[in-house]
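Engineer: okay, here's the prediction I keep looking at, along with the sequence it came from:
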Amino acid sequence: MDKLIITAALTGAEVTRAQQPALPITPGEIADAAFACAQAGAAMVHVHARLPDGTPTQDKEIYRQIIAEVKKRCNVIVQVSTGGAVGMTPQERLSPVTLKPEMATLSMGSVNFGGDVFMNHPADMEVFLRAMREHGVKPELEIFDAGMLSTAQRWLKKGMLNGPQHFDFVLGIPGGMAGTPEALMYLRSQLPAQSTWTVAGIGPAQLPLGTLAMVLGGHVRVGFEDNVYYRKGELATSNAQLVARMARISRELDRPVATPNEARALLGLN
Ligand code: KMH
Ligand code: ZN
């Protein structure tokens, strides 16, 4: 099995300081959290930008600062969000891609998202894909439901995607596919050959699905974007605490954790 890539989804667009007092918000806080996660075993960080008051934003300048501050501190792969927050325009969402980060997320379809709809029109998705190709950014294909994986398969068949792809199964969003082992096993069974994949279990699904992914040869995403708790009723003290637990379990399972450069090699990044 390949070494384990741990991604830390540090901030997200939805979680508030009221829900998680240790949520990193400013570029400096996000970069400090990235450094702590890298020390704990993360090879990649998935980042969202916020305004100083905590409002989600896709402001390119804030993303520029985040990337620069992270790079000052450590060598982790920086993956920007193009999901942004529900209700943002596709143009807004796409803006950090022009900074040429190493990776960016690309949601593969629309999904009910709690009480909202996370819209990803097929025409917009194609614009996102073309922009990522133009700027040399590797997409991580976000799969919230099984039909989104079928879309990726169609794109591969049509030649819109070439070579091995990296998938993120986001499981447990109310409106999306459940955060269960059965859902993960099904999605894994449908993956195109030579894909790499990670799982982002939402809330209480984070620990069990992450552990299952380690055993199955997948990779793991943890962090406050997806889950603010260490265990039921106990808030995590930091993103790094969640990363450290995954690294510990991985070592116990004899699956060493990938460094950022090892992760780059596994994901076909330069
Ligand atoms: N905030 C969600 C609506 C991504 O980063 O690409 C979408 C999201 C996905 O977080
Ligand atoms: Zn995100």
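Structural biologist: Okay, I see it. Only a predicted model underlies this, so the values are computations on that prediction, with no experimental measurement involved. Ligands and ions are numbered 1, 2, ... in the order given.

Engineer: host element of residue 70?
Structural biologist: Using DSSP states H and E, residue 70 sits in helix 60-73.

Engineer: the helix or strand that that helix is followed by near ligand 2 anywhere?
Structural biologist: Next helix or strand after helix 60-73 toward the C-terminus (DSSP H and E): strand 77-80. No: for strand 77-80, no contact with ligand 2 is found by Cβ under 5 Å from the ion; the gap never falls below 8.9 Å. From N, CA and C alone the C-beta is placed, and that goes for glycine too.

Engineer: give the contact list for residue 152.
Structural biologist: For residue 152, the contacting residues are 108, 141, 143, 161, 165, 167, 192, by Cβ atoms under 8 Å, 6 or more residues apart in numbering.

Engineer: so where does it fall, helix or strand?
Structural biologist: Residue 152 belongs to helix 146-158, assigned by DSSP H and E.

Engineer: next, the buried residues of the helix or strand just after that helix.
Structural biologist: Remark: after helix 146-158, the chain's next helix or strand is strand 166-171, criterion DSSP H and E. Going by neighbour count (16 or more other Cβ atoms under 10 Å), the buried part of strand 166-171 is 166-171.

Engineer: which residues sit against strand 166-171?
Structural biologist: By Cβ under 8 Å, 6+ apart, the residues outside strand 166-171 that reach it are 103, 105, 138-144, 149, 152, 176-180, 183-184, 187, 191, 195-202, 205, 209, 221, 226, 267.

Engineer: among those residues, which are in strands?
Structural biologist: Per DSSP state E, strands hold the following members of these: 103, 105, 138-143, 196-201, 221.

Engineer: closest one of those to residue 113?
Structural biologist: Of all the ones in strands among the contacts of strand 166-171, residue 113 sits closest to residue 142, with 11.9 Å by Cβ to Cβ.

Engineer: is it true that that closest one touches residue 106?
Structural biologist: Yes: assessed by Cβ atoms under 8 Å, residue 142 is found in contact with residue 106 at 6.5 Å.

Engineer: any buried residues in the helix or strand harbouring residue 7, and which?
Structural biologist: Counting by DSSP H and E, the element that carries residue 7 is strand 6-9. With burial defined by 16+ other Cβ under 10 Å, the residues of strand 6-9 counted as buried are 6-9.

Engineer: ok, residue 83 - contacts?
Structural biologist: If you count contacts by Cβ under 8 Å, 6+ apart, then residue 83 has 13, 93, 105, 107, 118, 142 around it.

Engineer: could you redo the last one with a cut-off of 6 Å?
Structural biologist: 105, 107 (Cβ atoms under 6 Å, 6 or more residues apart in numbering).

Engineer: follow-up on the earlier one: of all the ones in strands among the contacts of strand 166-171, which two lie farthest apart?
Structural biologist: Of all the pairs that these form, the one spanning the most space (Cβ to Cβ) is 138 and 201, at 22.9 Å.

Engineer: the more surrounded of these two?
Structural biologist: residue 201 (27 against 21; other Cβ atoms under 10 Å).

Engineer: so the more buried one bridges to which residues?
Structural biologist: Beta bridges link residue 201 to residue 171 when assigned by DSSP bridges.

Engineer: and the residue lying closest to residue 46 once chain neighbours are set aside, how far is that from residue 176?
Structural biologist: Among residues not flanking residue 46 along the chain, residue 9 sits closest, at 4.3 Å (Cβ to Cβ, 6 or more residues apart in numbering). For residue 9, the distance to residue 176 equals 16 Å [Cβ to Cβ, to the nearest Å].

Engineer: residues near the closest residue to residue 63 other than its chain neighbours, how many?
Structural biologist: Among residues not flanking residue 63 along the chain, residue 96 sits closest, at 3.9 Å (Cβ to Cβ, 6+ apart). Using other Cβ under 10 Å, residue 96 has 28 other residues around it.

Engineer: next one: residue 164
Structural biologist: Residue 164 has 13 nearby residues by other Cβ under 10 Å.

Engineer: great, nothing more from me.
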